[in-house]
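Chemist: heads up, no residue letters with this:
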């Protein structure tokens, strides 16, 4: 060990380069590791909804340019058309549930907000306000905290005109769960004339996979008077019948799905909507991982180059060691040990910088377990790169024939 | 020339170190140029958004009401608002109003199965602001727009799919089950030109787009892009926009409505980083984080390369000593070493640059796909989208910086070696 230190001191100038590089790389890698950890953690929070076998059906209304246009439709007729439109979709054997909603489906760019009070308790932050027809909880598989199935939630919405489903975490900051308030009423925007009954408490529903905010939400039944304004027509298809659903529906759309002025414009699986909505996050993730690989390659190349050169310069020294009884193994270990020792010296310094960066809350906030995990992970990854980078030069040194090497002098 | 030759001879004596130097440099330039391209496809001009440097966008507006407190409604505006606040401007060259997103609609020939196409509803000035390349026909004019006639400009590939040819001006097809006549055919537009992109463009006056409004008909379906005569007019245009907004607010004071501008309109750079309609994008923060990325991508390889250069120079220490003994100045030595190294950096840099272009083409789909895009069509790229004078400048600049960082200190140290020590090959 002492010998290693002496050696490092003797090569201090090139070691300084290496250590500077390791320091920067270690800090940047920590930053990336930390944000990856945070992102994965967010991603792994239960979503509270499910989009397998779900589709969004785009629909529109004919204009007066179309020969089929029905002019001067009354509002009632238009609403009846939408209901008929939905019924026809529901009648398809592969369809399990159909819902119409406003600013409600997952992976949605648009949202409505609201604020609610109960006694002295009031909501804080953004509470997502969803309005949908009763089958919405079936389409996206919402669950109640007291074991209510999606079907049960749908029934509750259907049977109670004035009620709403509320995410269990609405008053989390007061330590009150909504489950304990089921049956009670909340005031809308603090208005005492607008008490709305809680029909059931929902398992919190995430806004999207990478979002931590906006898991507080309420779900109300969409008033038929608003059907004309709702553009989200979502369906869930039976898992065993989810084959070419979009193609088949589009093929039939002309024959079976022209109701009044309504027509189908597109059928998009929610997996596609999800992909598009989350591209920003997945791109960031991709960039972070690319950056990490780039830094690792650099560490690898740096050590490969430096140690290659070093073993070349020290051929005779290594040869003398061999002559004096050092095994090939011990020479190999010594070189690798030198790299790892450098990393070990650098890591605490890097950790201090990391902690200070964490305190500025660029990524999120300082959490010791996450900090320790990230620092250790970075150490291990870098150690692997160091062993990889030194392996080839060390092998070369190990295989030096002492007679040859000393003959050189 | 001699210097370059010398550089190569030097490289060959240390194949592994040289390979590492070249790979390290190429890799760094490769990654930096990918980052540069990712930014440039969003802000650099190419058809039909060739005037990006003269664009000012108002994609969304933010409306408040005196009874709402701090709450606001944020989103696209109504046609009336667009007319009052932007269409009436006099300073810009042109102002276009269009429906905020393109949307998928069915297209067909009578009696044939339908295809799905991205349709954008625009006004007539849209074709003055964006420079589409017409391969047949021409855009619809103001009179056509005013009359709300059902005409359409369609893209080359839609024309081919629908009619089998591109010379189809005057022919009819069904769009959303209504007969439309082809006014013109344009070259396909990449989804990366976000405001120009669509496959079919129709006058919104031929649709019901204006009827979709909320907030007392002040908010609706529309976005605005302003084309300035010159970038220098931006401040004047912003002043005019503020003036019109204040006039609008004054006129609607009684009803309680007022708009807050959030410093709109935004230029292209600010526009592309906007997320959501209810906040102002922070250009400085975006620039800062890009700068940090560049610095990391330069510094880490530079340290690496520096240590390689250092190693290589150590072997040449006696050569340098001899040169010094024969009267070469220190700055002469430094200069020579840096230039020598630059030859290597440049070649490796070109390699990295070419690699980044190939990579961009092969992985264009996953690389350039835009967040929150309405269309699910993949982004197409070509050389006019990817390469701009600034791209080459950036590549050269980064090579130069990388070279300076990686050879500066070693060259400076080598030049300071004591002549006697150097000739004796005693390096410090």
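Modeler: That came through fine. Keep in mind it's a predicted model, so treat the numbers as computed, not measured.

Chemist: look at the residue of the stretch 151-300 of chain B found nearest chain A and say how many residues are nearby.
Modeler: The nearest approach of the stretch 151-300 of chain B to chain A comes at residue B:178, 3.7 Å away (C-beta to the nearest C-beta). C-beta coordinates here come from the backbone N, C-alpha and C atoms, glycine included. Residue B:178: 19 surrounding residues under other C-beta atoms under 10 Å in any protein chain shown.

Chemist: surely it touches residue A:63?
Modeler: Yes: counting by C-beta atoms under 8 Å, residue A:63 is a contact partner of residue B:178 at 5.9 Å.

Chemist: which residues do those two both contact?
Modeler: Residues touching both residue B:178 and residue A:63 by C-beta atoms under 8 Å, 6 or more residues apart in numbering or on different chains: residue A:69.

Chemist: what are the phi and psi angles of the closest residue to residue B:60 other than its chain neighbours?
Modeler: Excluding the flanking residues, the one nearest residue B:60 by C-beta to C-beta, 6 or more residues apart in numbering or on different chains is residue B:277, at 3.6 Å. The phi and psi values for residue B:277, taken as degrees, to the nearest 10, are phi -100, psi -10.

Chemist: quick check: residue B:277 touching residue B:59?
Modeler: Yes: counting by C-beta under 8 Å, residue B:277 does reach residue B:59; the two are 7.5 Å apart.

Chemist: give me the more crowded residue out of those two.
Modeler: residue B:59 (21 against 18).

Chemist: and the pLDDT at that one?
Modeler: pLDDT, residue B:59: 95.

Chemist: would you agree it is in contact with residue B:100?
Modeler: Yes: between residue B:59 and residue B:100 a contact is recorded at 6.6 Å, counting by C-beta under 8 Å.

Chemist: between these two, what contacts are shared?
Modeler: B:76, B:223.

Chemist: which parts of the stretch 201-350 of chain B sit against chain A?
Modeler: With C-beta under 8 Å from any C-beta of the partner chain as the criterion, the stretch 201-350 of chain B meets chain A at residues B:206-208, B:275, B:293, B:296-297, B:299-301, B:303-304, B:306-308, B:310-311.

Chemist: of those, select the buried ones using a ChimeraX command.
Modeler: Buried subset of those, written as a ChimeraX selection, criterion 16 or more other C-beta atoms under 10 Å in any protein chain shown:
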select /B:206,207,208,296,297,299,300,301,303,304,306,307,308,310,311
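
Chemist: sitting in helices, which of the residues of the stretch 201-350 of chain B next to chain A do you find?
Modeler: Secondary structure defined by DSSP state H assigns B:293, B:296-297, B:299-301, B:303-304, B:306-308, B:310-311 of these to helices.

Chemist: as CSV, these with pLDDT would be great.
Modeler: As requested, these are exported to CSV (pLDDT from 0 to 100):
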residue, pLDDT
B:293, 89
B:296, 87
B:297, 88
B:299, 87
B:300, 84
B:301, 88
B:303, 83
B:304, 82
B:306, 83
B:307, 79
B:308, 80
B:310, 78
B:311, 75
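
Chemist: would you mark the buried spots in the helix or strand where residue B:332 lies?
Modeler: Element membership for residue B:332, per DSSP states H and E: helix B:330-362. Residues of helix B:330-362 classed as buried by neighbour count (16+ other C-beta under 10 Å): B:333-334, B:336-349, B:351-353, B:355-357, B:359-360.

Chemist: lowest confidence element among the helices and strands of chain B?
Modeler: Least confident helix or strand, chain B: helix B:419-423 with a mean of 72, by mean pLDDT, DSSP states H and E.

Chemist: and it, is it in reach of chain A?
Modeler: No: using C-beta under 8 Å from any C-beta, helix B:419-423 stays clear of chain A, with a minimum separation of 15.0 Å.

Chemist: what is the burial count for the closest residue in space to residue A:143 that isn't next to it in sequence?
Modeler: Spatial nearest neighbour of residue A:143, chain neighbours left out: residue A:203 (4.8 Å); criterion: C-beta to C-beta, 6+ apart. Per other C-beta under 10 Å, the neighbour tally for residue A:203 reads 17.

Chemist: for residue A:203, give me its contacts.
Modeler: Listed by C-beta under 8 Å, 6+ apart, the contact set of residue A:203 reads A:46, A:48, A:142-145, A:167-168.

Chemist: so the residue lying closest to residue A:51 once chain neighbours are set aside versus chain B, what's the distance?
Modeler: By the measure of C-beta to C-beta, 6+ apart, the closest residue to residue A:51 outside its immediate chain neighbours is residue A:270, 3.9 Å from it. Distance check for residue A:270 against chain B: by C-beta to the nearest C-beta, to the nearest Å, it reads 12 Å.

Chemist: could you report the neighbour count for residue A:270?
Modeler: Residue A:270 has 24 nearby residues by other C-beta under 10 Å.

Chemist: pretty sure it is touching residue A:49, no?
Modeler: No: shown here, residue A:270 and residue A:49 do not form a contact pair, counting by C-beta under 8 Å, at 9.8 Å.

Chemist: who touches both of those two?
Modeler: Common neighbours of residue A:270 and residue A:49, counting by C-beta under 8 Å, 6+ apart, are residue A:106.

Chemist: which helix or strand contains residue 30?
Modeler: Just so you know, I chose chain A. Using DSSP H and E, residue A:30 falls in helix A:12-44.

Chemist: look at chain B instead
Modeler: helix B:15-43.

Chemist: just checking, which helix or strand succeeds that helix along the chain?
Modeler: Assigned by DSSP H and E, the successor of helix B:15-43 is strand B:55-58.

Chemist: any idea how far that next one is from the middle of the chain?
Modeler: 14 Å (C-alpha atoms, centre = their mean, to the nearest Å).

Chemist: return the residues of the stretch 1-150 of chain B in contact with chain A.
Modeler: Near chain A, when you scan the stretch 1-150 of chain B using C-beta under 8 Å from any C-beta, you find B:16-17, B:20-21, B:23-24, B:27, B:31, B:75, B:103-106, B:113-114, B:116, B:150.

Chemist: quick one, which of those are buried?
Modeler: Counted by 16+ other C-beta under 10 Å, the residues of the stretch 1-150 of chain B next to chain A give B:16-17, B:20-21, B:23-24, B:27, B:31, B:75, B:103-106, B:114, B:116, B:150 as buried.

Chemist: quick one: which of the ones in helices among the residues of the stretch 201-350 of chain B next to chain A is nearest to residue A:330?
Modeler: Of all these, the one with the least separation from residue A:330 (C-beta to C-beta) is residue B:311, at 25.1 Å.

Chemist: residues contacting that closest one?
Modeler: A:14, A:305-306, A:309, B:17.

Chemist: pLDDT check: weakest of the residues you listed?
Modeler: Lowest pLDDT among those: residue A:14, 71.

Chemist: neighbours around residue A:387, how many?
Modeler: Using other C-beta under 10 Å, residue A:387 has 15 other residues around it.

Chemist: distance of it from chain B?
Modeler: For residue A:387, the distance to chain B - C-beta to the nearest C-beta - is 17 Å.

Chemist: tell me which element the residue lying closest to that residue once chain neighbours are set aside is part of?
Modeler: What sits nearest to residue A:387 in space, not counting adjacent residues and going by C-beta to C-beta, 6+ apart, is residue A:336, at 5.8 Å. Using DSSP H and E, residue A:336 falls within helix A:328-359.
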